[in-house]
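Peer 1: sequence? don't have it. structure:
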């Protein structure tokens with residue numbers, strides 16, 4: 001199983017809305033005592049057992065818009081079937097803050113990281129967990145918004161949402177995407 005959290009490398013992006021995928025990987029790795037620091041396929045990876053399944057955790061270091069390069073390489077090296085063995089975690093501007101959505105396939109929904117993955121691996125058939133970042137007010141610059149840090153009032157909800165998202169990933173690994181969809185969507 002390959003779990004990929006999308007984000008941008010670098011300290012300046014660490015706590016931004018676009019890095020929720022990295023945040024989830026860090027939390028899951030910490031809980032499972034998996035060290036995610038080995039470089040492989042333009043990603044930082046770690047491998048360990050998660051709920052009884054050998055799982056590779058990955059954070060592409062290609063920047064969001066080129067995430068597909070790392071994911072394609074990791075899938076090929078591991079000889080993995082994306083439809084059954086790939087889970088991608090991303091932020092979602094169209095989903096309210098605090099909400100998560102699990103899908104087994106689908107379009108990129110305007111997300112450049114997902115667009116890159118779909119283009120590189122040649123299919124949209126892979127499990128994705130999207131974490132909402134939709135603002136409660138109109139924004140004029142979406143790019144700036146996703147690269148901003150969460151406000152002080154949002155942080156508690158974000159921590160709770162990442163924790164719930166980790167549980168959703170565990171359910172996907174243990175029981176499959178359909179069960180996770182019924183429980184967390």
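Peer 2: In hand now; what should we look at? Given the structure is predicted, the values throughout are model-derived calculations rather than measurements.
Peer 1: rest of the way, CA atoms for contacts and neighbours
Peer 2: OK.
Peer 1: which helices and strands does the longest strand seen in the chain pack with?
Peer 2: The longest strand of the chain (DSSP state E) is strand 86-96. Using 3 or more Cα pairs under 8 Å, 6 or more residues apart in numbering; DSSP states H and E as the contact test, the elements touching strand 86-96 are strand 2-5, helix 20-32, strand 127-134.
Peer 1: buried set for that strand?
Peer 2: For strand 86-96, the buried set under the neighbour-count rule, 16 or more other Cα atoms under 10 Å, comprises 86-93, 95.
Peer 1: Mean pLDDT, mean neighbour count and distance to residue 118 added to the helices and strands packed on strand 86-96, as JSON lines?
Peer 2: Below are these laid out as JSON lines (pLDDT from 0 to 100; neighbours: other Cα atoms under 10 Å; distance: least, Cα to Cα, whole Å):
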{"stretch": "strand 2-5", "mean pLDDT": "98", "mean neighbour count": "25", "distance to residue 118": "14"}
{"stretch": "helix 20-32", "mean pLDDT": "97", "mean neighbour count": "21", "distance to residue 118": "17"}
{"stretch": "strand 127-134", "mean pLDDT": "96", "mean neighbour count": "24", "distance to residue 118": "12"}
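Peer 1: Now these in JSON lines, please, with extra columns for distance to residue 54.
Peer 2: Output for those, formatted as JSON lines (distance: least, Cα to Cα, whole Å):
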{"stretch": "strand 2-5", "distance to residue 54": "9"}
{"stretch": "helix 20-32", "distance to residue 54": "11"}
{"stretch": "strand 127-134", "distance to residue 54": "17"}
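Peer 1: hmm, back to that, who does the helix or strand that the longest strand of the chain is followed by touch, helix- and strand-wise?
Peer 2: Sequence-wise, the next helix or strand downstream of strand 86-96 (DSSP states H and E) is strand 100-103. Strand 100-103 is packed against strand 127-134, helix 177-184, with contacts defined by 3+ Cα pairs under 8 Å, 6+ apart.
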